[in-house]
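Visitor: Compute the structure for the input listed below.
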Amino acid sequence: MRKTRDGRRRFSHEFKIAAVRRVLDGEKLGAVARELDIAFRLLWDWKKRVLERGEQHLYGMGRPSGSAAKPQKDDAHRRIAELERLVGRQQLEIRFLDKALRRVEELRQQKNDDGAAASTKR
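Guide: Okay, here's the model as predicted:
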């Protein structure tokens, strides 16, 4: 832990992880907070963030700093790439289903004995 110019305490990533792991291992959140001399709500927020997003996301809490901005930026790039891959897969599926639908329609028309277009109604 170190203090900022305005007197606020800053906790290292390792400190936060160790505190959250103690809670996740079964220790009472209030007891861990008292022992470490931190606010109950602060430890609760850390735990919530770890459970929802993972340990690496504890960097982005509190005031932004140069080191905190980088993991968020990396996460954003990773998320964008993941979404682009998802869009690509969906486009492939749409093309496949479109071709399959066209083929089914062609087969329906070929099965119609009188040469007229087959109805899509049942």
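Visitor: okay, I80: pLDDT?
Guide: Per-residue pLDDT puts I80 at 89.
Visitor: Just confirm it is within a strand.
Guide: No - I80 is assigned helix when assessed by DSSP: H, G, I helix; E, B strand; the rest coil, not a strand.
Visitor: pLDDT score for the residue positioned nearest the centre of the chain?
Guide: Nearest to the mean C-alpha position of the chain, counting by Cα atoms, centre = their mean, stands R53 at 6.4 Å. Residue-level confidence at R53 comes out at 85, pLDDT.
Visitor: Let me know the distance separating it from V87.
Guide: Distance, R53 to V87, by Cβ to Cβ, to the nearest Å: 23 Å. The way it works is simple: take the backbone N, C-alpha and C, and place the C-beta from them, glycine included.
Visitor: Kindly report the same for R9.
Guide: Counting by Cβ to Cβ, the gap from R9 to V87 is 43 Å.
Visitor: L107 too?
Guide: L107 sits 31 Å away from V87, taking Cβ to Cβ as the criterion.
Visitor: show me where this structure has strands.
Guide: 2-3, 9-10 (DSSP state E).
Visitor: Give the rounded mean pLDDT of the first one.
Guide: What strand 2-3 shows for mean pLDDT is 61.
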